[in-house]
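Visitor: A structural model of the following input is requested.
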Amino acid sequence: MTRTFKELAFLSDDVEGVRGSMRVKFKDEFAVIEGVANTAVAELRGISGTFNPNYLVGVAFWLRCVEACQGAVLLTERGLPTAPFAVLRTALECLFTACAVWRKPESIARLEQQHHFERIQQAQLMMKFQATLGVTHEQIALLKEIASTPRVEKAWTVFDAASAAGFEQLYQVAYRGLALGGAHASPRSLDDFWKDEDDGAVGLGLDPSDRQLTLVLNIVKTCLASGMERHREALAAGRI
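Guide: Residues are numbered from 1 along each chain as shown. So this is what the prediction gives:
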């Protein structure tokens, strides 16, 4: 097997050539992103000492946000047309959660309750398929134990986090937009896969694309800048 794009698509060695071309074509945009990312990472690495648990939970979600932002950049600079959308949506979700925790520490209790809600619900639904799960008797017993836990109420949504963080506009514009554009199986997410054939027919193709690159980088920049702003706010207010 050769390792060209034709045979392996985005797993091929050719993708590094795509990345190089993207870096040249959009060098100014990447320079801006790397500058913002450098500041975010430097601030994270500068965190040391003893802090309250609420602040540290927020920092952990902020770290996840930074990681996801960088993941979206790595995908989009290699020409993947829609894969960055899902990763970037995760970045926004972690941003909202981190900033909500910093601004309203009581959010952590709701987050924990939501975790238990999802855990119990999954276990109860998995029990329908226990005969075909392919797990041990001990694992089934643990599943039953979780499924029999007294049910808790759904307590937290991404919108709740965005509202608590003061990011409702970012939620409505970017978070929802990413879902429509490619983070979910939406009709609009297919736009980059249609190809006009030479005979006038329409077919499907898997090719590198830079059509969404500027959008992705702009949202990454907004995400990182917004997180740093809220983190500095938390430090200035002594919420540590």
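Visitor: let me know the outermost residue of this protein.
Guide: When each C-alpha in the chain is compared with the mean C-alpha position (C-alpha atoms, centre = their mean), residue 199 comes out farthest, at 39.7 Å.
Visitor: that one - that's part of a strand, no?
Guide: No: the assignment for residue 199, made by DSSP: H, G, I helix; E, B strand; the rest coil, is coil rather than a strand.
Visitor: so where is the chain shaky, pLDDT-wise?
Guide: Within the chain, the ranges that satisfy pLDDT under 70 run 1.
Visitor: now with 90?
Guide: 1-3, 6, 47-51, 131, 151, 155, 191-192, 194-206, 237-240 (pLDDT under 90).
Visitor: mind jotting down where the helices sit in it?
Guide: 5-8, 14-25, 27-45, 53-76, 83-103, 107-126, 137-147, 158-165, 168-170, 176-178, 213-236 (DSSP state H).
Visitor: could you look over the ones you listed and pick the most buried one?
Guide: helix 83-103 (a mean of 25; mean count of other C-beta atoms under 10 Å). Glycine gets a C-beta too; all of them are placed from N, C-alpha and C.
Visitor: tell me the angle of it relative to helix 213-236?
Guide: Inter-element angle recorded for helix 83-103 and helix 213-236: 10 degrees (by axes from the mean of the first three to the mean of the last three C-alpha atoms, to 10 degrees).
Visitor: could you check the angle helix 83-103 makes with helix 53-76?
Guide: Using the same axes, to 10 degrees, the direction of helix 83-103 lies 170 degrees away from that of helix 53-76.
Visitor: which helices and strands sit right next to helix 83-103?
Guide: helix 53-76, helix 107-126, helix 158-165, helix 176-178, helix 213-236 (3 or more C-beta pairs under 8 Å, 6 or more residues apart in numbering; DSSP states H and E).
Visitor: rewinding a little: in JSON lines, list the helices of the chain along with distance to residue 206.
Guide: Formatted as JSON lines, those follow (distance: least, C-beta to C-beta, whole Å):
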{"stretch": "helix 5-8", "distance to residue 206": "9"}
{"stretch": "helix 14-25", "distance to residue 206": "12"}
{"stretch": "helix 27-45", "distance to residue 206": "24"}
{"stretch": "helix 53-76", "distance to residue 206": "14"}
{"stretch": "helix 83-103", "distance to residue 206": "11"}
{"stretch": "helix 107-126", "distance to residue 206": "33"}
{"stretch": "helix 137-147", "distance to residue 206": "38"}
{"stretch": "helix 158-165", "distance to residue 206": "30"}
{"stretch": "helix 168-170", "distance to residue 206": "31"}
{"stretch": "helix 176-178", "distance to residue 206": "21"}
{"stretch": "helix 213-236", "distance to residue 206": "17"}
